[in-house]
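S.K.: Below are the sequence and a predicted model for it; my questions follow.
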Amino acid sequence: MKTIVLGGGVIGVATAFYLRQQGCEVTVIEREPDVALATSFGNAGVIAPGYVTPWAAPGMPTKILKYLFKPASPLIFRPTLDPAQWRWIARWLRECDLERFRVNKQRMQRIAYYSRDCLHEFRSRHPFDYGRSQGYLQLFRSEYDVELAQPALAVLRDAGIAYREVNPAQCVDIEPGLRWARATPVSGIHLPDDEAGDCARFTRELRAICERHGVQFRFDTRVTSIDVHGGAVRGVRVESEAGGRPDGANGANGATGAAEIVQADSVVVALGVDSAALLAPLGVKVPLYPVKGYSATLPVIDDEKAPRAALMDESLKTAITRFGNNLRVAGTAELGNRQTTLREQALQTLMKVLDDWFPHAAAPTSAHFWVGRRPMTPDGAPLLGPSGIDNLWLNLGHGSTGWAMSMGSARVVADLITQRKPEIDLDGLTLARYGK
């Protein structure tokens, strides 16, 4: 079966891997010159299935208002005239109900835990270094934030997920570098089974494995439309970008900007936020909106005063993750326009969090900043599987937890395409949930 995967982020490349494993002839089409150069590039790197959480949570609208005019804020709201933004917000507000939150969180955890199992199985067969660390520590600055976390903790307890509530001294025992912190947490939560790793580095290594097994990658290639006839997919229309070859190799081959139709038996859309515009002309409506996230990457200058693994400042919703000799500080949820513009307010929040917890770990002047567009659904769970058009499949809408859900989502979609029964229940993880 000839299958095209649209998108070269971790979701798309993982999907290509599992499709090839199951005997498909696979081509990945990506507009960038390499994999993991968009949303997968600068994320926090945390794989914390026990604490994947919908952005739509009880108390979140109030928290947005609380932080709206503060200089250091985990949330930035910039209203636009885009009707899609307001439709998305209306749906999101409905999902902030406590019972909806519990349902959505359980759905997200189901795919995230399955994904971690898939990652562990993959790693046992393909061991390579991608800056992996073990354990995840959440830090609370105030009792108010501890109170907001209670619904999420209840879900953890109900699911039997291993975690430990810790006091400030125990936080330092887990992360000794906190001895030099300028702030003091009121408490923390430690999830020993969660982990972290460099998503972009992993995706590049995964690409190499895919290529060794026969997956083709076409870089510098933009998808203009999906070719559908008689209610079924026939292929995709593409244009090669200026300066790049359709097959992603070096040199010149054919006219730059040439358009063509690439035929396929099935197509997987894994283009993140850009998926919505591509699917809309086909009548496939996916409620995605870009909630932008920011990160800073810095080299460690004092190992003793740096973190060992991954932490989350729960109050400012900012993660600090150790990748070998580098630190990644990532956070902020900006609901605004669709442009990837670095905002000074968000960057200042990142650097404040680093300075509060690990002031001597890295030099602020060495920070490399990044912003990416997270493809978020109003309820938080991804959209996996059938689109309503024969042989057109979805693997999108993972928001800020795409890395945590990538391998499991890819395995599920590959199973569906090759007519195998997925290993987990897909209730609430498909487009069907929006048709009810």
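M.R.: Looks like it came in fine.

S.K.: where exactly do the helices run in the stretch 201-350 of the chain?
M.R.: Along the stretch 201-350 of the chain, counting by DSSP state H, counting those that start in this stretch, helices occupy 275-279, 344-357.

S.K.: ok, then the element right after the longest one?
M.R.: Helices and strands here follow DSSP states H and E; after helix 344-357, the next one along the chain is strand 368-376.

S.K.: about what we covered before: turn the helices of the stretch 201-350 of the chain into a markdown table, columns for mean pLDDT.
M.R.: Below are those laid out as a markdown table (pLDDT from 0 to 100):
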| stretch | mean pLDDT |
| --- | --- |
| helix 275-279 | 97 |
| helix 344-357 | 95 |
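
S.K.: Tell me where the longest helix sits in this protein.
M.R.: If you go by DSSP state H, the chain has its longest helix at helix 98-125.

S.K.: tell me how far it is from the chain's mean position?
M.R.: What separates the centre of helix 98-125 from the centre of its chain is 13 Å, taken as CA atoms, centre = their mean, to the nearest Å.

S.K.: swap in stretch 55-62?
M.R.: 20 Å.

S.K.: Ok, stretch 272-292 next?
M.R.: Worked out by CA atoms, centre = their mean, stretch 272-292 lies 16 Å from the chain centre.

S.K.: Also stretch 219-238?
M.R.: Centroid separation for stretch 219-238 versus its chain: 25 Å, with CA atoms, centre = their mean.

S.K.: And it, what's buried?
M.R.: Under the neighbour-count criterion of 16 or more other CB atoms under 10 Å, stretch 219-238 has F219, D220, T221, R222, V223, I226, V228, V233, R234, G235, V236, V238 buried. Just so you know, the C-beta spots here come from the backbone N, C-alpha and C atoms, and that holds for glycine as well.

S.K.: Switch those residues over to a markdown table; also include distance to G372 and pLDDT.
M.R.: Converted to a markdown table, the buried residues of stretch 219-238 look like this (distance: CB to CB, whole Å; pLDDT from 0 to 100):
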| residue | distance to G372 | pLDDT |
| --- | --- | --- |
| F219 | 19 | 97 |
| D220 | 20 | 97 |
| T221 | 21 | 97 |
| R222 | 19 | 96 |
| V223 | 20 | 97 |
| I226 | 24 | 98 |
| V228 | 30 | 97 |
| V233 | 28 | 97 |
| R234 | 32 | 96 |
| G235 | 29 | 97 |
| V236 | 24 | 98 |
| V238 | 23 | 97 |
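
S.K.: In strands, which of the residues you listed appear?
M.R.: T221, R222, V223, I226, V228, V233, R234, G235, V236, V238 (DSSP state E).

S.K.: Need the max-distance pair from those.
M.R.: T221 and V228 (19.5 Å; CB to CB).

S.K.: Which parts of the stretch 51-200 of the chain are helices?
M.R.: Along the stretch 51-200 of the chain, counting by DSSP H, counting those that start in this stretch, helices occupy 60-67, 83-94, 98-125, 143-148, 150-159, 168-174, 199-212.

S.K.: how about the ones you listed, which one is nearest G380?
M.R.: Comparing the helices of the stretch 51-200 of the chain by CB to CB, helix 98-125 comes nearest, at 4.9 Å.

S.K.: That closest one vs helix 150-159, what angle?
M.R.: 60 degrees (axes from the mean of the first three to the mean of the last three CA atoms, to 10 degrees).

S.K.: hang on, the earlier thing: state the mean pLDDT of the longest helix of the chain.
M.R.: Helix 98-125 shows a mean pLDDT of 96.

S.K.: Stretch 163-176 too?
M.R.: Stretch 163-176 comes out at a mean pLDDT of 97.

S.K.: Tell me the secondary structure of the closest residue to G283 other than its chain neighbours, please.
M.R.: Closest residue to G283 apart from its sequence neighbours, by CB to CB, 6 or more residues apart in numbering: G388 at 7.7 Å. With DSSP: H, G, I helix; E, B strand; the rest coil as the basis, G388 sits in coil.

S.K.: So what sits opposite the residue nearest to I89 when sequence neighbours are not counted in the bridge?
M.R.: Closest residue to I89 apart from its sequence neighbours, by CB to CB, 6+ apart: L335 at 7.5 Å. Counting by DSSP bridges, L335 is bridged to F77, V291.

S.K.: can you check A330 too?
M.R.: When bridges are called by DSSP bridges, A330 pairs up with S295, A319.

S.K.: pLDDT score for it?
M.R.: For A330, the pLDDT comes out at 97.

S.K.: Please tell me how far it sits from F323.
M.R.: Separation of A330 from F323 (CB to CB, to the nearest Å) stands at 11 Å.

S.K.: Comparing the two, which shows the higher neighbour count?
M.R.: More crowded of A330 and F323, by other CB atoms under 10 Å: A330, with 25 against 21.

S.K.: Isn't the more buried one up against Y294?
M.R.: Yes - under the criterion of CB atoms under 8 Å, A330 makes contact with Y294 at 6.9 Å.

S.K.: what residues are shared contacts of these two?
M.R.: When contacts are counted by CB atoms under 8 Å, 6 or more residues apart in numbering, A330 and Y294 are jointly contacted by L350.

S.K.: Would you quantify the distance from the residue nearest to I89 to W92?
M.R.: Using CB to CB, L335 is found at 9 Å from W92.

S.K.: do S115 as well
M.R.: Counting by CB to CB - S115 and W92 are separated by 24 Å.

S.K.: More neighbours: which of these two?
M.R.: It is S115, of S115 and W92, that has more neighbours when counted by other CB under 10 Å, with 28 against 23.

S.K.: Please name the nearest non-neighbouring residue to that one.
M.R.: Nearest residue to S115 in three dimensions, chain neighbours excluded: G408, at 2.9 Å (CB to CB, 6+ apart).

S.K.: Pretty sure the one you found sits against Y114.
M.R.: Yes - G408 is within contact range of Y114, at 4.0 Å (criterion: CB under 8 Å).

S.K.: Spell out which residues are contacts of both of those two.
M.R.: I424.

S.K.: neighbour count winner among those two?
M.R.: Counted by other CB under 10 Å, G408 and Y114 do not tie: G408 has more neighbours, with 26 against 21.

S.K.: Determine the three-state secondary structure at that one.
M.R.: Relying on three-state DSSP, one would call G408 helix.

S.K.: That'll do, ta.
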